[in-house]
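Q: kindly generate the corresponding structure for this input.
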Amino acid sequence: MAIGSDVMGTASKINTTLLTLALFLLGVGVCGSTPEPLPTAEKVRVVKSERKLYLMRDGQPYKAYCISLGRRPVGDKIQAGDKRTPEGEYIIDGRNLQSGYHRALHISYPDRKDRREARDRGVDPGGMIMIHGLPNEAHGDPKGYVGMDWTDGCIAVTNAEIEALLRVVKDGTPIEILP
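A: Modelled structure (predicted):
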């Protein structure tokens, strides 16, 4: 009887380990861990409703990160100060290694269309939209930021994750931000 229980327990542990390993290797739907080394991303896809950032190669996601968004996450950015994360197709066009949020990748928002729409509404479109880590002056447990929408319109990940993104997301990489 004890032998059967041990075999069943071992089989269950093996199945759980294999499932965890498969999800880890795929990186899709799993957040928090960053296997090294990751290949260079051909594209970044953000799905706001899923709170996920996906690294893409050959049209397929190969790594997912859980993200935090602007404090008003639903809807496209309309103007400066609206606390919304923009939606659309942009480019990663720079990086800030001296950011107030650990480190950051700059997103090319606003583009011509965003500026034109803001001008038509008579508002400032805003700018300085980044993918960044946690605030350098984070008070309390930094994990308190994870899973909450707390930015002014940026996309936030953990400090370890922004470090990984800086290695595999090159300037000029397209980024698609979906609702």
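
Q: the nearest residue to Thr40 once chain neighbours are set aside and Leu55, how far apart?
A: Nearest in space to Thr40, with sequence neighbours left out and distances taken as Cβ to Cβ, 6 or more residues apart in numbering, is Val168 at 5.3 Å. No exception for glycine: its C-beta is placed from N, CA and C like everyone else's. Look at Val168 and Leu55: by Cβ to Cβ, to the nearest Å, they are 7 Å apart.

Q: which neighbours do the two share?
A: The contact sets of Val168 and Leu55 overlap at Leu38, Ala41 (Cβ atoms under 8 Å, 6 or more residues apart in numbering).

Q: comparing the two, which shows the higher neighbour count?
A: The neighbour comparison of Val168 against Leu55 (other Cβ atoms under 10 Å) goes to Leu55, with 25 against 19.

Q: Gly147 and Thr158, how far apart?
A: Distance from Gly147 to Thr158, by Cβ to Cβ: 11 Å.

Q: the two: which has the busier surroundings?
A: For Gly147 versus Thr158, the count of surrounding residues by other Cβ under 10 Å is larger for Thr158: 22 against 12.

Q: so the more buried one sits right up against His132, yeah?
A: No. Using Cβ atoms under 8 Å as the test, Thr158 is too far from His132 to be in contact (10.5 Å).

Q: let me see the contact set for the closest residue to Thr151 other than its chain neighbours.
A: Leaving aside its chain neighbours, Thr151 sits nearest to Gly70 (5.2 Å; criterion: Cβ to Cβ, 6+ apart). Gly70 makes contacts with Lys77, Asp82, Lys83, Arg84, Thr85, Asp149, Thr151, Asp152, Gly153, Cys154, as judged by Cβ under 8 Å, 6+ apart.

Q: local confidence estimate at the second one?
A: At Asp82, the model reports a pLDDT of 95.

Q: repeat that for Gln98.
A: For Gln98, the model assigns a pLDDT of 88.

Q: that one and His132, how far apart?
A: In this view, Gln98 and His132 are 12 Å apart by Cβ to Cβ.

Q: and those two? which has more neighbours close in?
A: Legend: neighbour count by other Cβ under 10 Å for Gln98 and His132, higher for His132 (24 against 7).

Q: which residues of the protein fall in strands?
A: 43-47, 52-57, 60-66, 88-96, 104-107, 130-132, 155-156, 174-178 (DSSP state E).

Q: closest one to Asp114 among those?
A: Proximity to Asp114 (Cβ to Cβ) singles out strand 88-96 among these, at 7.4 Å.

Q: quick one: that closest one to strand 43-47, angle?
A: Interaxial angle, strand 88-96 versus strand 43-47 (axes from the mean of the first three to the mean of the last three Cα atoms, to 10 degrees): 110 degrees.
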